[in-house]
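> okay, here's the prediction I keep looking at, along with the sequence it came from:
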Amino acid sequence: KNQVEQSPQSLIILEGKNCTLQCNYTVSPFSNLRWYKQDTGRGPVSLTIMTFSENTKSNGRYTATLDADTKQSSLHITASQLSDSASYICVVSVIMDSNYQLIWGAGTKLIIKP
Amino acid sequence: SQTIHQWPATLVQPVGSPLSLECTVEGTSNPNLYWYRQAAGRGLQLLFYSVGIGQISSEVPQNLSASRPQDRQFILSSKKLLLSDSGFYLCAWSVRRGSGNTIYFGEGSWLTVV
């Protein structure tokens, strides 16, 4: 069964600290993996997209990693800011019947405290 | 640049009443269009997607329906709302081809059925 699991469910850290969010997937055949940021009550916004051959991709203070062998991805946030408070969602794309489908994780809720 | 608008942003409706959420995309043509629902603490659930005018695919059986009367207009409807229809609804679009394309979301619509 195609699944995407994220951990932790929620995380509270102090402003300025680093943190790492995890995404494990059991999806086949894998096409790509995205990380989205969703502010409360808003639509998700794409942060990164990684294909099978990419191990690392950065977007400012956000760095995503992908290990296609272990089917794990992480999102590392450096020097966190209050505006990083949001839910972070991992999404894996899978090819099924010549169409691609998106398998969404439940997200990690990140709270940055001053 | 492309933009996506959906409305209303917030809606409180009694059980059994009809529903109409509208979504329009500007700055692109022939987009794929999507309606998602997001329940608290859960991943995004794809409700409908459309690859063209009048072409609607339903992912989950329910009392909701979708229509695409114009290329860049997507409407989510219900004839009689249920309490379980409450949630956060997101319209989204992507370019037509390829699994590597990012999905861009609208601001979302909060629906409370009372």
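Thanks, I have the structure now.
> only C-alpha atoms from now on, for both contacts and neighbour counts.
Noted.
> surely A:T48 is in contact with A:K37?
No - if you go by CA atoms under 8 Å, A:T48 and A:K37 don't touch, sitting 9.7 Å apart.
> tell me the contacts of the residue in chain B positioned nearest to chain A?
The minimum distance from chain B to chain A, using CA to the nearest CA, falls at B:G43 (3.8 Å). Residues in contact with B:G43 (CA atoms under 8 Å, 6 or more residues apart in numbering or on different chains) are A:104-107.
> most centrally placed residue in chain B?
The residue lying closest to the centre of chain B (CA atoms, centre = their mean) is B:W35, at 2.7 Å.
> measure that one to B:W93 for me?
The span separating B:W35 from B:W93 equals 9 Å under the rule CA to CA, to the nearest Å.
> what does A:N24 give?
For A:N24, the distance to B:W93 under the criterion CA to CA works out to 26 Å.
> of the two, give the one with the bigger neighbour count.
When A:N24 and B:W93 are compared on other CA atoms under 10 Å in any protein chain shown, the one with more neighbours turns out to be B:W93, at 29 against 20.
> find the residue closest to that one in space, skipping its chain neighbours.
The shortest distance from B:W93 to any residue that is not its chain neighbour, by CA to CA, 6 or more residues apart in numbering or on different chains, is 4.5 Å, and that residue is B:L33.
> tell me the strands beside the helix or strand hosting the one you found, with direction?
Assigned by DSSP states H and E, B:L33 belongs to strand B:32-38. When pairs are called by DSSP bridges, strand B:32-38 turns out to pair with strand B:44-52 (antiparallel), strand B:87-94 (antiparallel).
> can you pull the buried residues of it?
Judged by neighbour count using 16 or more other CA atoms under 10 Å in any protein chain shown, the buried positions of strand B:32-38 are B:32-38.
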